[in-house]
Every structure is written in C-alpha cells, then in structure tokens.
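Visitor: my questions concern the predicted model and sequence given below.
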Amino acid sequence: MIKTKIRRVHHVSHRQKTPTPKEIELRAYEIYLQRGGEHGNELNDWLAAEKELTESLQMDTAEAKVPDAIPLRKRAAVS
C-alpha cells in the first residue's frame, strides 16, 4: 500500500464554472491513492473527481450569488 501525505487541492477559481483538467487530474490522483493505489479504475476516478469538483464549484457559485443581509438602521429615539 502506498502511503503518501496528500495535500488537498481546492484552488478552484470561483469565476470558472467547470474545473480545469489539471484540477481534475490532481483530485483523481487523490481518489486513486485513497483506494490504495489499485490500478484499473482510472476512468471512474476521473469521473468522480470531475463530478465532485463541478458540484463544489456550483455550490460556491450559488453561495456567492446570495447577497449579504442589509442591516436595519436603528430608529431615532422619540422623546
């Protein structure tokens, strides 16, 4: 079994709607290592990475579109 320290890669730009091939490749490699480095599932690893990163981007984009709450002004005290 391959033991490697994995640095999570989530440097996906919030401006893009789809992950880059390099981002998918890195995440697919992480998945491969998590499976124990067993060969034969390259396509499944790639597709899982692509889906995960795409969903993450969509969630980030949706959150970015939600405007911050506008604080209410305090009413002046009436004497």
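Guide: Perfect, thanks for sending it. Numbers count the residues shown, from 1 in each chain.

Visitor: how about the helices of this structure, start to end?
Guide: Secondary structure of the chain (DSSP state H): helices at 21-34, 42-65.

Visitor: what is the last one packed up against?
Guide: This means helix 42-65. Where contact means 3 or more CB pairs under 8 Å, 6 or more residues apart in numbering; DSSP states H and E, helix 42-65 is packed against helix 21-34. The C-beta positions use only the backbone N, C-alpha and C, and glycine is treated the same way.

Visitor: could I have the lowest-mean-pLDDT helix or strand in the chain exported to CSV, CA atoms only?
Guide: Lowest by mean pLDDT, DSSP states H and E among the helices and strands of the chain is helix 42-65, with a mean of 88. What follows is helix 42-65, C-alpha atoms only, in CSV (Å, rounded to 0.1, in the frame of the first residue of the first chain):
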residue,chain,number,x,y,z
GLU,A,42,-8.7,5.4,-13.9
LEU,A,43,-11.9,6.4,-15.7
ASN,A,44,-14.0,6.1,-12.6
ASP,A,45,-11.5,8.1,-10.6
TRP,A,46,-11.5,10.8,-13.3
LEU,A,47,-15.3,11.0,-13.5
ALA,A,48,-15.7,11.0,-9.7
ALA,A,49,-13.2,13.8,-9.4
GLU,A,50,-14.9,15.8,-12.2
LYS,A,51,-18.3,15.4,-10.6
GLU,A,52,-17.1,16.3,-7.1
LEU,A,53,-15.2,19.4,-8.3
THR,A,54,-18.1,20.6,-10.6
GLU,A,55,-20.6,20.2,-7.8
SER,A,56,-18.3,22.1,-5.4
LEU,A,57,-18.0,25.0,-8.0
GLN,A,58,-21.7,25.1,-8.4
MET,A,59,-22.3,25.3,-4.7
ASP,A,60,-19.6,28.0,-4.4
THR,A,61,-21.2,30.0,-7.2
ALA,A,62,-24.6,29.7,-5.7
GLU,A,63,-23.3,30.9,-2.3
ALA,A,64,-21.6,33.8,-3.9
LYS,A,65,-24.8,35.0,-5.6
